[in-house]
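Asker: sequence plus predicted model, see below.
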Amino acid sequence: MNIFLLCKAVAIIGVAVVAAGSSTTFDVAIYGATPAGIAAAVAASRTMQTHGRTANVVLLDPHARPGGMMAGGIGFDDVDTALLSAAGLSHPSDVPPEVYGASLYTEKTEAVLAHYEQLGPAAATLSKHGTHHEPHVAEEVLRKLLFDANVTLLLNHTLIGVGVAGGASLGRTGAGINATVRIVNASFETDVEHNDNDSGDNDVVVTTATIAAPVWVDGTYEGDLVSAAGAPVRQGRESRAEFGELNAGVVLQDFSAHRFQRGSTGEESPRLPAMTWRLCFSTNSSNRVPLTAPPAGYNSTRSVCTRACTYARTHARSHARTPARRTSKVANHPRS
């Protein structure tokens, strides 16, 4: 019987720490260590250094690892191969500067490819010129980009409050967004591991810290920072009719067949889109962790499975092998 196991992670570059209860000032602060947030942080820091200034940029994220979905399970970059083929290009490294420019994405793909070239020609080929990767490899590459740019990375920092100047909030006025308001600081709750010398156990101590900066960037997927500052937000899905978008509203898609399924109405809904599980498996015994029991605190009753979810279980799909004898991803389709 074949048993699949989750891949091990590798050593990572260290993370800066801000003293508990402290207030620290930076020139630029970004909340959300997604690929977009990382790009903003690196670009800001490099720009400051180019102009002879000391880099003073901080990137904060509520999670324990940076990289967002790119380092959290999605091992295939969304490169539009159809457009590349139409342009006579075979892969991203063929794209001329006028298309991508000297982009951070190009740097990322080159670094990923270099990693797999060290493992051998087969791994390099499977990486598709750096557009296919294991999550931990993407994390390594993104961390190094931040480290080389001298960006302060603060993980496990969850936003709990935002301070603004120039008005009560970023809320909408009759002429649009209140442009006179700006974020000046934000407060965060952070989990710090504390060693109890008496018992030898490590306890998690929750503390707070305040970060001040004249420039703030929201790098989160959901707009958490600007939402906390009072900007108008929307949860759920707008209707298909509102903006004339075919895929808007309540939609269940069979991505393998590229068609809508029963239950698709296109109506607005306050519900969030369904979740897709993305896992990385390995046949390499030296690079995997056995799954012998459910994770601590796992409770199956917290998950609600609809008829579409039940259908999807029989249609879970696995992509082709990724570098280093791994298979990714197993996707629970369909999703809305």
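Answerer: Done, it's in.
Asker: helices along the stretch 1-150 of the chain, start to end?
Answerer: Using DSSP state H, counting those that start in this stretch, the helices found in the stretch 1-150 of the chain span residues 35-50, 81-86, 97-100, 104-117, 121-126, 135-148.
Asker: residue 67 is nearest to which of these?
Answerer: The closest of the helices of the stretch 1-150 of the chain to residue 67 is helix 135-148. By Cβ to Cβ, the value is 4.8 Å. C-beta coordinates here come from the backbone N, C-alpha and C atoms, glycine included.
Asker: neighbouring strands of the helix or strand that comes right after the closest one in the sheet, and parallel or not?
Answerer: Next in sequence after helix 135-148, counting helices and strands by DSSP states H and E, comes strand 152-154. Each strand paired with strand 152-154, and its direction, by DSSP bridges: strand 57-60 (parallel).
Asker: how many neighbours does the closest residue to residue 36 other than its chain neighbours have?
Answerer: Distance criterion Cβ to Cβ, 6 or more residues apart in numbering; nearest residue to residue 36, sequence neighbours excluded, is residue 219 at 5.2 Å. When neighbours are defined as other Cβ atoms under 10 Å, residue 219 has 24 of them.
Asker: distance of residue 154 from residue 214?
Answerer: 18 Å (Cβ to Cβ, to the nearest Å).
Asker: so which of the helices of the stretch 1-150 of the chain is nearest residue 284?
Answerer: helix 121-126 (11.2 Å).
Asker: packing partners for that closest one?
Answerer: If contacts are counted by 3 or more Cβ pairs under 8 Å, 6 or more residues apart in numbering; DSSP states H and E, helix 121-126 sits against helix 104-117.
Asker: out of residue 154 and residue 214, which sits in the busier spot?
Answerer: Each of residue 154 and residue 214 has its neighbours counted (other Cβ under 10 Å); residue 154 has more, 21 against 14.
Asker: looking at it, the more buried one is touching residue 58, isn't it?
Answerer: Yes. Shown here, residue 154 and residue 58 form a contact pair, counting by Cβ atoms under 8 Å, at 6.2 Å.
Asker: and this structure, what are its domains?
Answerer: As given by automatic domain parsing, the domain ranges for the chain are 12-76+132-228, 240-331.
Asker: so where's this protein shaky on pLDDT?
Answerer: Scanning the chain for pLDDT under 70 picks out 1-23, 79-102, 167-179, 192-204, 255, 273-277, 302-336.
Asker: what about the longest strand in the protein?
Answerer: In the chain, taking DSSP state E as the definition, the longest strand is strand 182-195.
Asker: check which helices and strands it is in contact with.
Answerer: Strand 182-195 sits against strand 157-165, strand 202-212, strand 215-218, helix 224-228, with contacts defined as 3+ Cβ pairs under 8 Å, 6+ apart.
Asker: make JSON lines out of those and add distance to residue 241 and mean neighbour count.
Answerer: Listed next are the helices and strands packed on strand 182-195 as JSON lines, based on distance: least, Cβ to Cβ, whole Å; neighbours: other Cβ atoms under 10 Å:
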{"stretch": "strand 157-165", "distance to residue 241": "34", "mean neighbour count": "17"}
{"stretch": "strand 202-212", "distance to residue 241": "42", "mean neighbour count": "14"}
{"stretch": "strand 215-218", "distance to residue 241": "29", "mean neighbour count": "20"}
{"stretch": "helix 224-228", "distance to residue 241": "26", "mean neighbour count": "20"}
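Asker: make TSV from the ones you listed and add distance to residue 285 to it.
Answerer: Below are the helices and strands packed on strand 182-195 laid out as TSV (distance: least, Cβ to Cβ, whole Å):
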stretch	distance to residue 285
strand 157-165	37
strand 202-212	29
strand 215-218	43
helix 224-228	40
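Asker: residue 72: neighbour count?
Answerer: Neighbour number of residue 72 under other Cβ under 10 Å is 15.
Asker: for it, what are its contacts?
Answerer: Contacts for residue 72 (Cβ atoms under 8 Å, 6 or more residues apart in numbering) come out as 65, 135, 278.
Asker: pull the contacting residues for the second one.
Answerer: In this case it means residue 135. Contacts of residue 135 (Cβ under 8 Å, 6+ apart): 67, 70-75, 280.
Asker: from residue 280, how far off is it?
Answerer: Note on residue 135: its distance to residue 280, by Cβ to Cβ, is 6 Å.
Asker: which neighbours do the two share?
Answerer: Common neighbours of residue 135 and residue 280, using Cβ under 8 Å, 6+ apart, are 73, 75.
Asker: partners of the longest strand of the chain in the sheet?
Answerer: Strand 182-195 has its sheet partners listed here by DSSP bridges as strand 157-165 (antiparallel), strand 202-212 (antiparallel).
Asker: please consider this matter closed, and thank you.
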